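1. Pasting the sequence and the predicted coordinates here, then a few questions.
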Amino acid sequence: MRIMLKFSYFIWDFDGTLFNTYLHIVSVITNISKNNYNIDLEPEVALEWCRIGLKYCFSKIASDFNINLSDFQDLFSNEYWAEIVTH
């Protein structure tokens, strides 16, 4: 007997399961915080927030340090992908 499965949604946990990109993500977040906002964000804190979710991490940084969320996300995206492409 052949069973066909029909999926409505597919959830894939990439970070921390297939690849551990947290170190790179945290490095980019702490660099942006320091270089663009003069904020010394501890890598351990950034990692804790990232493990909850990037949306949570970015929102937490924006609210705790009173910075523009969209600007921070744009800086992150630009720096994260620039480093990925050049390596």
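-> Now that the structure is in, tell me what you want to look at. Numbers count the residues shown, from 1 in each chain.
2. excluding its backbone neighbours, what's nearest the residue at minimal distance from the centre of the chain?
-> The chain has residue 54 as the residue nearest its centroid, 4.1 Å off, counting by Cα atoms, centre = their mean. Counting by Cβ to Cβ, 6 or more residues apart in numbering, the nearest residue to residue 54 once its immediate chain neighbours are dropped is residue 25, at 7.3 Å. For glycine as for every other residue, the C-beta is placed from the backbone atoms N, C-alpha and C.
3. got it, and residue 59?
-> Using Cβ to Cβ, 6+ apart and skipping residues adjacent in sequence, the residue nearest residue 59 is residue 69, 6.3 Å away.
4. Show residues contacting the lengthiest helix in the chain.
-> If you go by DSSP state H, the chain has its longest helix at helix 69-86. The list of residues contacting helix 69-86 from outside it, by Cβ atoms under 8 Å, 6 or more residues apart in numbering, reads 24-25, 28-29, 31-32, 36, 58-59, 61-62.
5. For it, what is the distance to the chain centroid?
-> The chain centre lies 10 Å from the centre of helix 69-86; the measure is Cα atoms, centre = their mean, to the nearest Å.
6. Now that helix - C-alpha only, CSV.
-> Coordinates of the C-alpha atoms in helix 69-86 are reproduced here as CSV (Å, rounded to 0.1, in the frame of the first residue of the first chain):
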residue,chain,number,x,y,z
LEU,A,69,14.4,48.9,14.2
SER,A,70,14.3,49.2,10.5
ASP,A,71,17.6,50.9,10.3
PHE,A,72,19.2,48.2,12.4
GLN,A,73,17.7,45.4,10.3
ASP,A,74,19.0,47.1,7.1
LEU,A,75,22.5,47.4,8.5
PHE,A,76,22.4,43.8,9.6
SER,A,77,21.2,42.5,6.3
ASN,A,78,23.8,44.5,4.4
GLU,A,79,26.7,43.4,6.6
TYR,A,80,25.6,39.8,7.0
TRP,A,81,25.3,39.1,3.3
ALA,A,82,28.4,41.2,2.4
GLU,A,83,30.5,38.9,4.6
ILE,A,84,28.8,35.7,3.3
VAL,A,85,29.4,36.7,-0.3
THR,A,86,33.1,37.7,0.2
